[in-house]
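[1] Output the structure for:
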Amino acid sequence: MTEKKERIAKIMAAAGLCSRREAERWISSGRVTVNGQTLTTPACVVGADDIVTVDGQPLGGKQPRRVWCYHKPAGLITTNRDPQGRPTIFDKLPPTLPRVVTVGRLDFNSEGLLLLTTDGGLARELELPSRGWKRKYRVRVHGKMTPGIIDKLQQGIQVEGVRYAPCGVEVEREQGSNTWLLMTLTEGKNREIRRMMDSFGLPVTRLIRVSYGPFQLGNLAPGDVREISAKVLKELL
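    Sure, this is the predicted structure:
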């Protein structure tokens, strides 16, 4: 029977060390060895008998998939380290959490639901637009919406050469000179909502993600995490 082998980046992600993309960067930096030889390329497959180390430490085995909902507060960056010295979500996560990676990102000033997982491969899988999961946001903009703007957003628009897919837009309420919206996206491109609304002269003053596919923010308090049970996770995935 032929031994099953898998790509090294996939193995590292399944062990909960990092995402596959980050694993490839670690390999390029010379942080990973296989059977005593430093890797220089992620184009490597390994099996159960191969000895893999990362930063000199043996690679642990494949861990069970675990996923948490995290209520990211505004004012935190979604990265492990920030060259500008800004606080990161990993500085603020509960110390009882194991090593986790994020499913996608929320920018510095955005808040709300962010998924965390021990499985970097799963994180990548859940980010893919082909999954078709909708992301819903409560958005406060400075200014008034018009039916014409809503129609354009629902048809999809192009901003500075970037094409944004049609999105759902509902006006929740007007509050003085501001308008609260419920927006639904299927792509989640970088700063998508902010760039679209800026193109209409409606700057976003608050952005809260309330759901990501079947996962809901609910009443989770800012800074708190809630683990998804293995049973529910199996049903959702």
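[2] alpha carbons only for contacts and neighbour counts from here, please
    Will do.
[3] where are the low-confidence patches of this protein?
    1-3, 60-63 (pLDDT under 70).
[4] how about the helices in it?
    Assigned by DSSP state H, the chain shows helices spanning 8-14, 20-28, 89-92, 120-127, 147-155, 192-198, 230-236.
[5] Find the one among those helices with the highest mean neighbour count.
    helix 8-14 (a mean of 25; mean count of other C-alpha atoms under 10 Å).
[6] Now render the helices of the chain as CSV, adding distance to His71.
    Below are those laid out as CSV (distance: least, C-alpha to C-alpha, whole Å):
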stretch, distance to His71
helix 8-14, 23
helix 20-28, 24
helix 89-92, 10
helix 120-127, 17
helix 147-155, 27
helix 192-198, 19
helix 230-236, 18
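[7] Break this structure down into its domains, please.
    Following automatic domain parsing, the chain resolves into domains at 6-58, 67-130+215-236, 134-212.
[8] ok, back up a step: who wins for proximity to Val46 among the helices of the chain?
    Val46 lies closest to helix 8-14 among those, at 6.1 Å (C-alpha to C-alpha).
[9] same for that closest one, what does it pack against?
    helix 20-28, helix 120-127 (3 or more C-alpha pairs under 8 Å, 6 or more residues apart in numbering; DSSP states H and E).
[10] Identify all contacting residues around the shortest one.
    By that I understand helix 120-127. The contact list for helix 120-127 (C-alpha atoms under 8 Å, 6 or more residues apart in numbering) reads 10, 13-14, 16-20, 65, 101-104, 116-117, 131.
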